[in-house]
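Chemist: Can you look at this prediction? I've put the sequence above it.
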Amino acid sequence: MAGLEDLYREIILDHYRSPRNRGELPSPPAHRVEGFNPLCGDEIVVSLQVEGDVLTDIKIGGSGCSISQSSASLMSAAVKGKPVEEVRELIGTFKAMMSIHEATLPRDSDGDEVDPSLDATPVDVDALGELAALQGVVKFPVRIKCATLSWNTLAQGLDEVGAG
Amino acid sequence: MSSPPAATTLDVATVRKEFALLTGERDGHPVTYLDSAASSQRPARVLDAMRSYEETTHANVHRGVYRVAEEATRRFEAARVAAGRFVGAPVPDREVVFTKNATEGINLVAHTWGKRNLGRGDAVVLTEMEHHANVVPWLMLAEERGLELRWIPVDDDGLLVLDDLDRLVDGAKLVGVTAMSNVLGTLNPLAEISAVAHAAGAVVVADGAQSVPHVPTDVTALGCDFLAFSAHKMLGPTGIGVLWGREELLADLPPFLGGGEMILDVRKDGFTPNDIPWRFEAGTPPIVEAIGLHAAVDYLDELGMAAVRAHEIDLTAYALGVLSDRFGDELTIHGPADAVRRGGVISFTHRDIHPHDLSQVLDQYGVCIRAGHHCAKPLMRRLGVTATARASFGPYNDHADVDRLADALAEAARFFA
């Protein structure tokens, strides 16, 4: 059985207790997007500011469990100030880390497709830095949605502003 | 808090022996199953009855003229009567419709009674504590027909606010109300609500999914017109539920789904629907599931629903006491403070720990509770939370289960401190 320490790594608890980039940006000019986890009712609000090709600012609002909140906090720290193209790559890498195991599970209630080709792609966990702490979540399949909620919401926001 | 009955006549230690999952261990911990409001466990005698039927009696029902098929039909219809008697149906052989679950039962009412009787501007009254099963079918019909939805509010103690009921039901055609909240455990005064609704000319659809497994039920005393419940929450199998409906109302309704079984005659230019209750049961029904439901209600009758209820009041009062003694302000317990006013369902939120995280840590100690919105999002918004943790009891739970819940909660608090 996977132990709690696999899930609740110290860095995750740190980001849960002291979330980074907490709050909302004035919208407009920032873009505001909401994400929901239908399983547990968690809600997340991502405010993003894209200037040119760069995600210049990001804030996280809403409420949720330690996994969804820490994942959002870690994400915000990792993407703030980065070129949109790099942000999209990071979203892809992070979701691949989660998807490898997700692919073996029944499809989730929101019908997310899992790209089978991801199975064959080795994930460059080193490129994820601190985010690799969330790797243990895949051992707790029902929590994967918690970890990916903020990332899916950010991706949706980037699509909506037509960035990158 | 009023004091619970001094003794329970339920012999829980004997009951527990019937439930294999509860007598085993997982990762060195006994299985502390506190999620019966989501689905109960099934006793050996239910599983045995289903297996024995499959091995000795199975054939399709209402079709064959050979003896095996006749016996299958007799057993299936006997299950219908048993399920009806269990809730005090005056005419059990005609008033009990087998459905997939309580949700389908309520949808059946919306699709048959609703489509025949509800049109633009007609009012449907619901409560803020309804499960989505008694909300979404009416929202769907409202979207299609332009209905007006009105809501009976919930107060801070988790009770329905009925002061204004006369005005709310005035001119309404239908009132949908849960007999017992799946989140707060609140037992609602169905008889009082039904009387006011009927005086206003409205029919009453009661959601009995939580109450029927735990509280002695008599549809005549409740005064409702329809009552829906699910076998899998009352020690029976998944895949079968019951919609009880007043005979004169059912007799007047159009069919639900179309197909075999629900017809008397089919021509190229039309069909003649079957008599009730088969009119609402298109296709081969859940036969072995009906056999399982029959065994489950026989078992509950043997235990005695009054004893089941007394046991649950005792257990709920004990749990409310233990949780508030050990955790004080750290835990917010939602719903009525008095165990007599609620069924064996306790929703709570921890000051510092999200329900999802609580449930995850509890699982490490073999304690199974539910975390989430419990398919009652309007109520979650009323409570001002996105999710709660919920422990719920069955006749197999005892004080030791509550103690293990409290011990595991203490571990969770330590872990996240």
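Modeler: Right, received. Where do you want to start?
Chemist: contacts for stretch B:184-195?
Modeler: With Cβ atoms under 8 Å, 6 or more residues apart in numbering or on different chains as the test, stretch B:184-195 has contacts from B:127, B:129, B:154, B:158-160, B:162, B:165, B:175, B:177-181, B:204, B:206, B:211, B:215, B:221-225, B:316, B:334-336, B:341-347, B:379. Where C-beta positions appear, they are placed from N, C-alpha and C, glycine not excepted.
Chemist: Now do the buried residues in that stretch.
Modeler: B:184-188, B:190, B:193-194 (16 or more other Cβ atoms under 10 Å in any protein chain shown).
Chemist: Now do it: distance to the chain's middle.
Modeler: 14 Å (Cα atoms, centre = their mean, to the nearest Å).
Chemist: hmm, back to that, now, the contacts of stretch B:184-195 that are in helices?
Modeler: B:165, B:221-222, B:316, B:379 (DSSP state H).
Chemist: out of those residues, what pair is the most spread apart?
Modeler: The span of the ones in helices among the contacts of stretch B:184-195, defined through Cβ to Cβ, is set by B:165 and B:316 at 26.8 Å.
Chemist: Can you name the residues that contact the residue nearest to residue A:64 when sequence neighbours are not counted?
Modeler: Closest residue to residue A:64 apart from its sequence neighbours, by Cβ to Cβ, 6 or more residues apart in numbering or on different chains: residue A:42 at 3.6 Å. Residues counted as contacts of residue A:42 (Cβ under 8 Å, 6+ apart) are A:36, A:62-65, A:68, A:146, A:149, B:356, B:386-387.
Chemist: Excluding sequence neighbours, find me the nearest residue to residue B:220.
Modeler: residue B:88 (5.8 Å).
Chemist: Just confirm that neighbour contacts residue B:219, I think it does.
Modeler: Yes: if you go by Cβ atoms under 8 Å, residue B:88 and residue B:219 touch, sitting 5.2 Å apart.
Chemist: Same drill for these two, tell me which one is more crowded.
Modeler: residue B:219 (22 against 16; other Cβ atoms under 10 Å in any protein chain shown).
Chemist: Report the buried members of the contacts of stretch B:184-195.
Modeler: For the contacts of stretch B:184-195, buried by 16+ other Cβ under 10 Å: B:127, B:129, B:154, B:158-160, B:162, B:165, B:175, B:177-181, B:204, B:206, B:211, B:215, B:222-225, B:316, B:334-336, B:341-347, B:379.
Chemist: Alongside chain A, which residues does chain B contribute?
Modeler: B:27, B:354-357, B:360-361, B:364, B:371-373, B:377, B:380, B:386-387, B:415-416 (Cβ under 8 Å from any Cβ of the partner chain).
Chemist: Return a selection command, for use in ChimeraX, containing the buried ones of those.
Modeler: Per 16+ other Cβ under 10 Å, the buried members of the residues of chain B next to chain A correspond to this ChimeraX selection:
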select /B:354,355,356,357,360,361,364,371,372,373,380,386,387,415,416
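Chemist: and the residues of chain B next to chain A, which of them are in helices?
Modeler: B:355-357, B:360-361, B:364, B:377, B:380, B:415-416.
Chemist: Give me the contact list for the helix or strand containing residue B:124.
Modeler: Taking DSSP states H and E as the definition, one finds residue B:124 inside strand B:123-127. Strand B:123-127 is contacted by residues B:118, B:134-135, B:138, B:141-142, B:147-152, B:154, B:160, B:168-169, B:171-178, B:188, B:197, B:202 when judged by Cβ under 8 Å, 6+ apart.
Chemist: Do me a favour and average the pLDDT over that strand.
Modeler: Mean per-residue pLDDT for strand B:123-127: 98.
Chemist: Could you do stretch B:396-414 as well?
Modeler: On average, stretch B:396-414 scores 96.
Chemist: Pull out the buried positions in it.
Modeler: B:396-398, B:401-402, B:404-406, B:408-409, B:411-413.
Chemist: what's the answer for stretch B:143-152, then?
Modeler: Quick answer for stretch B:143-152 (16+ other Cβ under 10 Å): B:147, B:150, B:152.
Chemist: quick one, longest helix in chain A?
Modeler: Max-length helix for chain A by DSSP H is helix A:84-102.
Chemist: what helices or strands is that helix leaning on?
Modeler: Applying 3 or more Cβ pairs under 8 Å, 6 or more residues apart in numbering or on different chains; DSSP states H and E, we find helix A:84-102 packed against strand A:54-63, helix A:66-79, helix A:144-160.
Chemist: can you tell me which residues contact the residue in the stretch 101-250 of chain B that chain A sits nearest to?
Modeler: Closest approach between the stretch 101-250 of chain B and chain A, counting by Cβ to the nearest Cβ: residue B:132, at 11.1 Å. Residues in contact with residue B:132 (Cβ under 8 Å, 6+ apart) are B:375-377.
Chemist: Adding pLDDT, write those out as a markdown table.
Modeler: Converted to a markdown table, the contacts of residue B:132 look like this (pLDDT from 0 to 100):
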| residue | pLDDT |
| --- | --- |
| B:375 | 92 |
| B:376 | 93 |
| B:377 | 92 |
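Chemist: Identify the residues contacting the helix or strand harbouring residue B:404?
Modeler: For residue B:404, the enclosing helix or strand under DSSP H and E is helix B:399-416. Contact partners of helix B:399-416, identified using Cβ under 8 Å, 6+ apart, comprise A:4, A:8, A:13, A:66, B:30, B:32-34, B:315, B:318-319, B:322-323, B:326-327, B:330-331, B:350, B:352-353, B:357-358, B:361-362, B:364-367, B:369, B:391, B:393.
Chemist: Give me the buried subset of these.
Modeler: A:4, A:8, A:66, B:30, B:32-34, B:315, B:318-319, B:322-323, B:327, B:330-331, B:350, B:353, B:357-358, B:361-362, B:364-367, B:369, B:391, B:393.
Chemist: before we move on, the earlier item: so which of the ones in helices among the residues of chain B next to chain A comes closest to chain A?
Modeler: residue B:356 (3.7 Å).
Chemist: what about the residue lying closest to that closest one once chain neighbours are set aside, distance to residue B:334?
Modeler: Ranked by Cβ to Cβ, 6+ apart and with sequence neighbours excluded, the top spatial neighbour of residue B:356 is residue A:65, at 3.7 Å. To residue B:334, residue A:65 is 18 Å away according to Cβ to Cβ, to the nearest Å.
Chemist: wait, doesn't residue B:334 sit right on residue B:181?
Modeler: No: counting by Cβ under 8 Å, residue B:334 stays clear of residue B:181, with 9.4 Å between them.
Chemist: Can you tell me, leaving aside adjacent residues, what's nearest to residue B:215?
Modeler: The nearest residue in space to residue B:215 (Cβ to Cβ, 6+ apart) is residue B:309, at 5.5 Å.
Chemist: Would you double-check that that neighbour falls in a helix?
Modeler: Yes: the assignment for residue B:309 (DSSP: H, G, I helix; E, B strand; the rest coil) places it in a helix.
Chemist: before we move on, the earlier item: out of the contacts of residue A:42, which end up buried?
Modeler: A:62, A:64-65, A:68, A:146, A:149, B:356, B:386-387.
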